[in-house]
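Peer 1: sequence-free structure coming up:
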Ligand SMILES: Nc1ncnc2c1ncn2[C@@H]1O[C@H](COP(=O)(O)OP(=O)(O)OP(=O)(O)O)[C@@H](O)[C@H]1O
Ligand SMILES: [Mg+2]
């Protein structure tokens, strides 16, 4: 492990400003044809932080995540990961991160162990270490007992934890999770989060996560950014955002993070970006893991 990896693994040093940020986006823009998916986004995620990217369907969250993973190409200078430019040092960036995409990515026709082993090969984990590291990753997400069952027999929560194990196999310094708990029951959601927070506590990795569940964001994220129409409209700790809305309303009521979300998204919660895609995605999740 390099010196800077060791430093970044200590979340306690992030407040002094001496440690580089895990992710920096400066005026990030990304368009799909005429659609400005991300429209001038400035963002810094501190090393060791669990950072939540929130916002309505179509806000641009997944696009931001995919730009940071380098899966979508951006010009130099817009995205840096632990100081590495996503355009100029693509492979260096990729080596630092783990990624669980919004669409499910485990192969149902393989066992849990085989799925994770596939990622171990992909990420160049040496043959000598491979089986121990795979077993360790499965253990870390509570799948040791189910490791040799086909993934097609897993529940939705188990599949999401399997994907977490896949993403953790490279011991990433930055874990990117795009809606890791979509479609899961409350117990399975808690279980996924417990595994994320346990690995974070053990390794100091940074987590950049998107979610539509405001209760999760409130409970597990150190800071959140609320996106709408490709831009960040509010940024802070969940407590700060709630306190700001309370002060602005000044009517004695106690808002929740969901109220902040509604306030930011406002009339932008339209049919176009929203319901159809959401239903389609939930169905896809259900059919994939059902
Ligand atoms: N491959 C693509 N081709 C064309 N347009 C796209 C593509 N991917 C995303 N978009 C558009 O970019 C915008 C942002 O989409 P994105 O998927 O980043 O939103 P999101 O915040 O992740 O939404 P959700 O909560 O539904 O996952 C939307 O208007 C979407 O329709
Ligand atoms: Mg998305």
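Peer 2: Nice, thanks for sending it over. These figures come from a predicted structure and were not determined experimentally. Ligands and ions are numbered 1, 2, ... in the order given.
Peer 1: retrieve the pLDDT associated with whichever residue of the stretch 51-200 of the chain sits closest to ligand 2.
Peer 2: Closest residue of the stretch 51-200 of the chain to ligand 2, CB to the ion: residue 62 (3.1 Å). For the C-beta atoms, the positions are set from N, CA and C on the backbone; glycine is no exception. On pLDDT, residue 62 comes in at 96.
Peer 1: quick check: residues of the stretch 101-250 of the chain near ligand 2?
Peer 2: residue 102 (CB under 5 Å from the ion).
Peer 1: how far does stretch 223-238 sit from the chain's center?
Peer 2: Centroid separation for stretch 223-238 versus its chain: 15 Å, with CA atoms, centre = their mean, to the nearest Å.
Peer 1: any chance you could list what contacts that stretch?
Peer 2: For stretch 223-238, the surrounding residues in contact (CB atoms under 8 Å, 6 or more residues apart in numbering) are 36-43, 49, 51-56, 59-61, 63-64, 217-218, 221-222, 241, 244, 257, 260-261, 264-266, 268.
Peer 1: quick revisit: what's the spacing between the residue of the stretch 51-200 of the chain closest to ligand 2 and residue 50?
Peer 2: Remark: distance between residue 62 and residue 50 (CB to CB, to the nearest Å) = 18 Å.
Peer 1: is the nearest residue to residue 101 once chain neighbours are set aside bridged to anything, and to what?
Peer 2: Leaving out its chain neighbours, the residue that sits closest to residue 101 by CB to CB, 6 or more residues apart in numbering is residue 178, at 5.5 Å. Note on residue 178: beta-bridge partners residue 210, judged by DSSP bridges.
Peer 1: residues from the protein in reach of ligand 1?
Peer 2: Within the chain, the residues that sit near ligand 1 (CB under 6 Å from any ligand atom) are 32, 35, 37, 55, 57-63, 102, 273, 277.
Peer 1: in PyMOL, select just the buried ones from the residues you listed.
Peer 2: Filtering these down to the buried ones (16 or more other CB atoms under 10 Å) takes a single PyMOL command:
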select buried, resi 37+55+57+58+59+60+61+62+63+102+273
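Peer 1: tell me which of the residues of the chain next to ligand 1 fall in strands.
Peer 2: With strands defined by DSSP state E, the entries of the residues of the chain next to ligand 1 inside them are 32, 35, 37.
Peer 1: got a markdown table for those, with pLDDT and distance to residue 110 too?
Peer 2: Shown next, in a markdown table, are these (pLDDT from 0 to 100; distance: CB to CB, whole Å):
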| residue | pLDDT | distance to residue 110 |
| --- | --- | --- |
| 32 | 97 | 32 |
| 35 | 96 | 36 |
| 37 | 98 | 33 |
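Peer 1: now narrow the residues you listed to whatever sits close to ligand 2.
Peer 2: Among these, no residue sits close to ligand 2 (CB under 5 Å from the ion).
Peer 1: would CSV of the residues you listed with distance to residue 24 be doable?
Peer 2: Shown next, in CSV, are these (distance: CB to CB, whole Å):
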residue, distance to residue 24
32, 23
35, 24
37, 19
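Peer 1: quick revisit: hmm, the residue nearest to residue 101 is touching residue 104, no?
Peer 2: No: counting by CB atoms under 8 Å, residue 178 does not reach residue 104; the two are 10.8 Å apart.
Peer 1: by contact count, what packs against the helix or strand where residue 194 lies?
Peer 2: Using DSSP states H and E, residue 194 sits within helix 186-203. Using 3 or more CB pairs under 8 Å, 6 or more residues apart in numbering; DSSP states H and E, the elements in contact with helix 186-203 are strand 50-54, helix 127-140, helix 156-168, strand 174-178, strand 206-210, helix 214-220.
Peer 1: low-confidence regions, the stretch 1-150 of the chain specifically.
Peer 2: 1-19 (pLDDT under 70).
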